[in-house]
Each structure stands twice: as structure tokens, then as C-alpha cells.
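> Okay, sequence plus prediction incoming.
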Amino acid sequence: MGISELKKANHGLDTESFIEERTDLACAFRWAHRLDMHESVANHFSLAVSDDGSRFLINPDGRHFSRIKASELVLVDANDRDTMDRADAPDPTAWGLHGAIHRNCPQARCVLHVHPVYATVLASLADSTLYPIDQNTARFYKRVAVDEGFDGMAFEAEGERCSRILGEKRIMTMGNHGVLAAAPTVAQAFDALYYFERAARTLIIAYGTQKEMKLLSDDIAEKTARQWESYPNAAEKHFRELKAILDEDEPDYRD
């Protein structure tokens, strides 16, 4: 079923077809592929569409990020244990991790989980701290949940554990695993994911020089992080341009 069919099925009302939400999430998938943050047909993005956060859209099982379209996103309920019996059930680890977060962290409307190279390297170090050495790394100063208790693939028990660690944070470094971004909107979550991977790359490359790093002071790092938080509409402007590029190059993401 394409977007036009979804509209017809719901009498043209976006309240149930969630056209805008589907479009934004499909854009995030396409750009994660373009930025080489995808991995095979694994990893998952989700977006809550109900007030309590329990109903959410997620990628269909086995679909490559580069091919995902808005109409293909699966609508599920985090409180419905029969979800995995459906013909269109999502991947079990998608249900385990994202279902738990949408149940337990309603502020995390959009949840993006991937295994990009530099964030995953950082997550695999004995010390996974993202030290503030420039303005991108400083953006996340004392704002990252660090999970150091990896307990296997993200089935339901692991998802529940991770949801407790995430809490109110917008970024979680998943030890020996990858990274997770959570925010009220797709634009904000994707912007955080994008900058976290760039920040991790900067730090990992700095480690590779084996030279002494020039750390920012606590005061300057905190000041910079707050400046990021108050910078006007940065994530929305970024995401608007990402959609504009796709509209020119890959408009079928909206289908």
C-alpha cells in the first residue's frame, strides 16, 4: 500500500495514516544509508505516533535502509504482546529494544539505533567517555548515558535493561554494541546521531595520533553544550535540507 492508498483508506486523514511522520522517518533511513551508518538489513528506527508513546512506526523486517519507503513502515503497539505473531511482525530485536523504550521512556518519541563505525569503536573501549576536545564533542558533555553491561542481542530482557539506562538522556553509548539516539522528533534525533558519530570520529582519530589531547575545561565544555541546546532550529534546518536533497535525488522515499 502506497501513501495515496493509505490516505484513501483513512479518508485522507493524517491522524491515522501518519503521512508526515512516515515521511520523516523514511528520510532518516535513507540518509543513514548515505552516511554509511547502516549495517546489512539490521538496525532499526522508530517513531511514536500516540500521545503516550506506545504506538510507534518501525522499519519492516529485512528491508535495507536504502529502499525503505514511507508507506512500508509498520505500525505497532509497545503494549501488544501479540505483535510478534503478526504476518508483518518487525525483527525480534527491534521489538525488544524499541518496544521497551517506547513503553518506559515516553519522552523518547523517536529512537534511532545503529552500529556506525566510530561510535561503535568508542562503545568498545574500556573507557567509552566522549571527552570534550572540540565543539562537537562538547555538545554531548555529561549528556550521554553510557551502558557498560552488554548482555547479548537486544531481545526483550536486554531492551528493558537498556531502557532503564537511557532514562531522560538523548544519546546512549551502548557498550560493546553501538549507539542510540532518542529525541522528541525525527529531526532532533537524527541531528544528534549525526553529530555524535562525527564527534566520536574526532575523538578516535585523536586517540590514534598518540599525542596528548587538549581537553576543554569543564566550564567551557558545559557552556558549549548549553549553546548547542539553545541554538535556534539547528536540527530542523538540517533535516529540512536532507529532505530537500532526497526530493531531488530519491523522491520515492515519500511513497
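Perfect, thanks for sending it. Numbers count the residues shown, from 1 in each chain.
> Is residue 146 within a helix or a strand, and which one?
Under the assignment given by DSSP states H and E, the secondary-structure element containing residue 146 is strand 144-147.
> tell me what that strand is packed against?
For strand 144-147, the helices and strands in contact under the criterion 3 or more CB pairs under 8 Å, 6 or more residues apart in numbering; DSSP states H and E are helix 156-166, strand 171-174. (Each C-beta comes from the backbone N, C-alpha and C, glycine too.)
> and the residue sitting nearest the centre point of the chain, how far is that from residue 59?
In the chain, the C-alpha closest to the average C-alpha coordinate belongs to residue 112, at a distance of 1.5 Å (CA atoms, centre = their mean). Distance of residue 112 to residue 59, computed by CB to CB, to the nearest Å: 11 Å.
> what touches both of the two?
Here residue 112 and residue 59 have residue 45 as joint contacts, going by CB atoms under 8 Å, 6 or more residues apart in numbering.
> picking that back up, quick one: strands adjacent to the strand holding residue 146?
With DSSP bridges as the test, strand 144-147 is paired with strand 171-174 (parallel).
> can you map out the helices along the stretch 101-250 of the chain?
Listed in chain order, the helices of the stretch 101-250 of the chain (DSSP state H, counting those that start in this stretch) span residues 117-123, 135-138, 156-166, 186-209, 218-230, 234-249.
> got any ranges where the stretch 1-150 of the chain has weak pLDDT?
Scanning the stretch 1-150 of the chain for pLDDT under 70 picks out the ranges 1-16.
> Could I get the full set of strands for it?
Listed in chain order, the strands of the stretch 1-150 of the chain (DSSP state E, counting those that start in this stretch) span 44-48, 55-58, 74-77, 110-114, 144-147.
> quick check: angle from the fourth one to strand 44-48?
By that I understand strand 110-114. Using axes from the mean of the first three to the mean of the last three CA atoms, to 10 degrees, the interaxial angle of strand 110-114 with respect to strand 44-48 works out to 170 degrees.
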